[in-house]
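**Student:** Fold the following for me, if possible:
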Amino acid sequence: MKVIKNKTVLMIITFIFVATFAYLSPMGNAFTKPKLIEAQTTSNALEGEFHLDNIVKIYIPSTNGSDPISTDEHNKWVDNAMSHFSIMFGGATSVDGNGAWVDDKGNLIKEKVTIVYSFAQKLNNSKIDDVANYAKQIKEELHQSTVSVEVNGKMYFVE
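**Tutor:** I've put the predicted structure just below:
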């Protein structure tokens, strides 16, 4: 192998090597504008079907203050919420779950909770105010510190 003594020739060869590598690099050509690849839209079986863009949820507790309520009383609250949401939004669904939090003494407090939710096409301030007022009613009558309301993925604690 022949040693190159001329620094200028060595610099030119290095520049050509780096420029060629940059041009052929999988990261793209550094000397030209990158090409934009447009997303291709594909259709599916639901394209063009009626859909609802908004979702509203209210969490129905199973306690009156810290005391558990009967299953019948809890079901009345759930039915009332489902009726309320059905009138407001055209329908409602309920899902049973378990809620939990840690009290001031570090104890895990668990309780049954039912989430009543509706999807809505149009969700305006008036309907959100109605849901918040309904949550306040539940809070007062069941002696809760807050009642949870979820709108489009954001959780609100109505006091």
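
**Student:** got the CA coordinates for stretch 88-100 in CSV?
**Tutor:** Provided in CSV are the C-alpha atoms of stretch 88-100 (Å, rounded to 0.1, in the frame of the first residue of the first chain):
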residue,chain,number,x,y,z
MET,A,88,-79.6,14.0,27.1
PHE,A,89,-77.6,12.0,24.6
GLY,A,90,-80.0,9.4,23.1
GLY,A,91,-78.7,6.3,25.0
ALA,A,92,-76.4,5.1,27.7
THR,A,93,-74.3,2.2,28.8
SER,A,94,-73.1,1.1,32.3
VAL,A,95,-70.0,-0.8,33.3
ASP,A,96,-69.3,-2.1,36.8
GLY,A,97,-65.9,-1.7,38.2
ASN,A,98,-63.9,-1.2,41.4
GLY,A,99,-62.6,2.1,42.5
ALA,A,100,-59.9,2.7,45.1
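
**Student:** Could you give the average pLDDT over it?
**Tutor:** Averaged across stretch 88-100, pLDDT comes to 95.

**Student:** residues of it that come out buried?
**Tutor:** For stretch 88-100, a neighbour-count test (16 or more other Cβ atoms under 10 Å) marks 88-89, 92, 94, 99 as buried. (C-beta placed from N, C-alpha, C; glycine too.)

**Student:** where does the chain dip in pLDDT?
**Tutor:** 1-7, 9-15, 17-41 (pLDDT under 70).

**Student:** Residues touching the biggest strand by length in the chain, excluding its own?
**Tutor:** Ranked by number of residues, the top strand in the chain under DSSP state E is strand 108-120. Outside strand 108-120, the residues that touch it by Cβ atoms under 8 Å, 6 or more residues apart in numbering are 52-63, 68, 74, 77-78, 81-82, 85-86, 88-103, 127, 150.

**Student:** same thing with stretch 94-102?
**Tutor:** Residues outside stretch 94-102 that contact it (Cβ under 8 Å, 6+ apart): 59-61, 78, 81-82, 108-117.
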